[in-house]
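# Fold the following for me, if possible:
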Amino acid sequence: MSTAAGAPRNAEEQARFERSLREMFEQHISFNQLLGLKILSLQPGDVRGRFEMKPELVGHFTYGRLHGGVISSVLDAMAGLALMVAIAERHPGESAMQVMHRFARMGTIDLRVDFLRQGLGRHFEAAAQVTRLGGRIGSTQMALHNDEGELIATAAAAFVVS
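The predicted structure is shown next:
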């Protein structure tokens, strides 16, 4: 059920959207659960998540470094989340469920990761921003920092969004 065309979601419907998005991201995407990925912010232009280092995420056993696939996966997931927030902003007249339904049509079509430092830390924070949201393609930039604020990796991705 949609709100009036173009009219912004009311506060209750916006809260419902944010709860649904958080639940889907943290509880229904099994891989995000495995990573331990938790949302810190769902604000347009400020989409951030965090995860703790744990033995299952180590890629180099001698040094205890974060696996490169974990870094890539987290940055990819955060990019998708940022796009969902941007899509919700673009369609203010849609209900929480209508916006959530759009997630089914999204998919990564390009991902480039630059590994800048070793993935060492007690926890990590990832941020993503939408650089362009077109009718069919969305572009993002992402960054991963460790608990000391060191930049571990940056990335750019493109998604099909329709």
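
# in the strand or helix carrying Arg102, what counts as buried?
Using DSSP states H and E, Arg102 sits within helix 96-102. Across helix 96-102, burial judged by 16 or more other CB atoms under 10 Å covers Ala96, Val99, Met100, Arg102. Just so you know, the C-beta spots here come from the backbone N, C-alpha and C atoms, and that holds for glycine as well.

# Same check on stretch 139-148?
Result for stretch 139-148 [16+ other CB under 10 Å]: buried residues Ser139, Thr140, Gln141, Met142, Ala143, Leu144, His145, Asn146.

# How far does it sit from its chain's centre?
From the chain centre to the centre of stretch 139-148 is a distance of 11 Å (CA atoms, centre = their mean, to the nearest Å).

# Render the CA-only coordinates of that stretch in CSV, please.
Provided in CSV are the C-alpha atoms of stretch 139-148 (Å, rounded to 0.1, in the frame of the first residue of the first chain):
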residue,chain,number,x,y,z
SER,A,139,27.2,3.6,-8.3
THR,A,140,28.8,3.7,-4.9
GLN,A,141,32.1,4.3,-3.1
MET,A,142,33.0,2.5,0.1
ALA,A,143,35.7,2.6,2.8
LEU,A,144,36.8,0.2,5.6
HIS,A,145,38.6,1.5,8.7
ASN,A,146,39.9,-0.5,11.7
ASP,A,147,39.4,0.3,15.3
GLU,A,148,42.3,2.7,15.3
